[in-house]
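Q: Model the structure of this input:
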Amino acid sequence: MKDIPNKETLNETITKDNQPKHLVSSSESKRDLLSQEDDFEIINRLDREEHIKKTRRRKRTLRNFAVIFFVVLIILTFFSNTIMNYSLPEVTTTTVFSGNVSQKIRCQGSVEISSDMEVTVSGKRTVKEVLVEDGDQVKEGDVIMTFEETENEDLKEAEKTLEDLELSYEKSQLRASTDYTDDEVSIQNAKDALADAEADLDQAKADEASLATAKTEQADAQEAYDKKNAEVEGLQAQVDSYQNLEGYTGDVDVDALIAQLATAKSELASLEATLNEKNDLVTELSGKTTVEAAADAVTEKSQSLDSLQRGLSKKKEADNITAQTNALDDADAVKKIEEQKAKIEKLKEADDCKEIKANGTGIVTGITAKAGDTVGTDSPIANIQLSDSGYVVSCNTAKKDAQMLRVGNEAAIENIWSDDVKAVVKSIKADTSDPNQKSIVKFSVTGNVQVGETLQFAVGEKSNKYEIVVPNNAVKEDNGGKFVYVVTSKPTPLGNRYLVRKVEVEVLASDTKNSAIQGDLSEYDNVITNASKPLDNGQQVRLTDN
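A: This next block holds a predicted model:
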C-alpha cells in the first residue's frame, strides 16, 4: 500500500511543483498533482474522524461526571434527611377508637373499724395502775386503769372551748341566702327583647311586602303621570299655536281646546299628587328595617337569652353543691358542740374519778400511759375498737371528682367478687392537707372483710359508648382550651413526612384511662400520646420505632 505523505512532505512537493517547468516534465507534474489531491482528501477524512472520536470521548466523560454528581447529590440528600430526622421530636401515637367511657370515680383505701371509742380522762390525772395491755378483749364497764386522787383542772377550759364552737356555728349561719332575682329579671328582659325582635321581624316582613306593592303602584302612577303630562304638553302647544294667530277665524274651537287643556292640567295635578304620595310611601318603606337585619336581631337576642339561662343554671348547680357542703359542715359543727357538751358533763360528774372503765365492748389498742404518768383530756390514753360497729374505708380523691358524688351513692368493690360485701358513700369532706384541691370520701362497708384489707371502689354513673375515644394523655390543655395533636403524613420522593395538626376538642366524658372527645377527628386518625419535645401546630416529627 502506498505510504500517505504528511502535510510537510506535501507542502515540499507542492513547492517543487511550483518550480520552473524546465526542471520537471509536464506529464509528471500532472500525475503528481492528482496524487497530492487524493492525499489531501485522505488526510482531511482522517482529521474529521479524529475530531469525531475526541468529541465522543468528551461527551462520554461529561456524562460520567454528571452521573457521579447526581449519585453524590442523592447520597448527600439522603444523609441530610436522615440527620434531620434524628433531630426531630420523637412521638408515640395511637389510633382513635370507639368504645365505652365510664364517668365513675375510682379510689382505694384500707378497711378500718367503723367506730372506735377513745378512752379519755376528765381533767388531769396521775396514773396509778394500768390493768390492760394492747390487744386485750374488754367488756363495757371493765376497769382499764386507776388514778391517784387529784382535782379536775380542765373544766373551765372545756367550757371555753364549747363557747368558741357555738360562736363559730352561729357565725356560719350568717351566710347570705341565694338570691336569683337579678338573674331572673335579666332573663325576663331578654325574653321581652326577643319577643320585640320577633315582632320587629314580622313587621319587617310586612313592610317588605308593602314596599313591593308600593313600588308597583309608584310605577303605575309614574306611567299615568307621564302620559297625562304628554297630553297636557300637546294641548298646550296647540293652544299656543292658535293664540299666536291674530284674528284666527278657522274651524277649530280654540275656547274648547283651552277648556280641554285646563281639564287635562287639573287631572295632571291630581296624578302628580298621587305620584308624590307613592314616592313618599316608597321612601318611607325603604327606610324601614330590612328582614335580614331583623332576623339577625332575633338571632342575637335568642343567643343572649340562652346564655343568661345557661349562666343561671350553672349558678344554681354551684350554689346547690355549696349548700350541700355547708350542710355537711353545719352537721359536723353541731356534732362537735354536742360532743363538747357531753365532755363537759363528764368532767362535772368525774371530779372525784379514781378509775376509768371501758365504755364499750371490743379490743383495747393504743395505750399511751403507764403508772406515774400525768394524763389529760387533750390526749386519749387508749382506744377500744367496737366489735359490732361495722367497717369504714377512707379514700383520698380530687375535689372536682368528689363533687360528682353524693352521700348514699352505692359503690362497686372491684377487687372482691363476693356479693355479700357492700359499700355506700358515708361522708364527703375536704382534705385538711389541701382543702382547695382534695377531698376525703368515706365509705361504709358491710360483709366479710378484714381490718387492714385494701379495697378498690368505683362509684358514679354507668359507662356509655362514644364514637371518638382517646387515652387521657393524648388530651392537652392551654389557654384556648383542650386539644389533641393529630399526625398526618405527606409523601415525598425520600419517603413520608409526618406533620402535627392541632385539633381543638370538647371532652364529653373521662375515666381513669380514656376520654371521649368531640372535634374535627375521624376514626382512623392517629393522635399523639407522648413526645420527646414540646410540639407546635404544623411541626414535622418522627414516629417511634415501635
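Q: What is the subsequent helix or strand relative to whichever helix or strand residue 530 is part of?
A: With the criterion set as DSSP states H and E, the secondary-structure element containing residue 530 is strand 526-531. Proceeding C-terminally, strand 526-531 gives way to strand 540-543 as the next helix or strand, assigned by DSSP H and E.
Q: how far out from the middle of the chain is that next one?
A: A distance of 24 Å separates the centroid of the chain from that of strand 540-543, by C-alpha atoms, centre = their mean, to the nearest Å.
Q: For that strand, which strands pair with it and how are they oriented?
A: In the sheet, strand 540-543 lines up against strand 90-95 (parallel), strand 495-510 (antiparallel) (DSSP bridges).
Q: May I have it exported as PDB, CA atoms only?
A: Presented in PDB, the C-alpha positions along strand 540-543 are these (Å, rounded to 0.1, in the frame of the first residue of the first chain):
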ATOM      1  CA  GLN A 540     -42.600  17.900  61.500                       C
ATOM      2  CA  VAL A 541     -42.000  14.900  63.800                       C
ATOM      3  CA  ARG A 542     -40.700  11.400  63.600                       C
ATOM      4  CA  LEU A 543     -42.500   8.300  64.800                       C
END
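Q: rewinding a little: contact partners of the strand holding residue 530?
A: 89-96, 470-471, 473-474, 484-487, 500, 521, 535, 541 (C-beta atoms under 8 Å, 6 or more residues apart in numbering). All C-beta spots, glycine's among them, are computed from the backbone N, C-alpha and C.
Q: thinking again about what came up before, for the strands paired with strand 540-543, which has the smallest mean pLDDT value?
A: Per-stretch averages of pLDDT across the strands paired with strand 540-543 put strand 495-510 at the bottom, with a mean of 87.
Q: Contacts for it next, please.
A: Residues external to strand 495-510 that are found in contact with it (C-beta under 8 Å, 6+ apart): 91, 101-103, 464, 466, 472, 475, 480-491, 515-521, 528, 535-543.
Q: Mark which of the residues you listed are buried, thanks.
A: Buried members of the contacts of strand 495-510, scored by 16 or more other C-beta atoms under 10 Å, are 91, 101-103, 466, 475, 483-487, 515-517, 521, 528, 535, 539, 541-543.
Q: quick one: the most centrally placed residue in the chain and residue 527, what's the gap?
A: Within the chain, the residue whose C-alpha comes closest to the C-alpha centroid is residue 482; the distance, by C-alpha atoms, centre = their mean, is 3.0 Å. The gap separating residue 482 from residue 527 is 13 Å, by C-beta to C-beta, to the nearest Å.
Q: And for residue 93, the neighbour number?
A: 19 (other C-beta atoms under 10 Å).
Q: what does residue 507 give?
A: Other residues lying near residue 507 total 17 when counted by other C-beta under 10 Å.
Q: any idea how far the nearest residue to residue 222 once chain neighbours are set aside is from residue 234?
A: Across the structure, with C-beta to C-beta, 6 or more residues apart in numbering as the measure, the residue nearest residue 222 apart from its sequence neighbours is residue 275 (5.9 Å). Summarising the geometry, the distance separating residue 275 from residue 234, computed by C-beta to C-beta, is 20 Å.
Q: for stretch 443-455, which positions count as buried?
A: Neighbour counts over stretch 443-455 (16+ other C-beta under 10 Å) mark 443-445, 449, 455 as buried.
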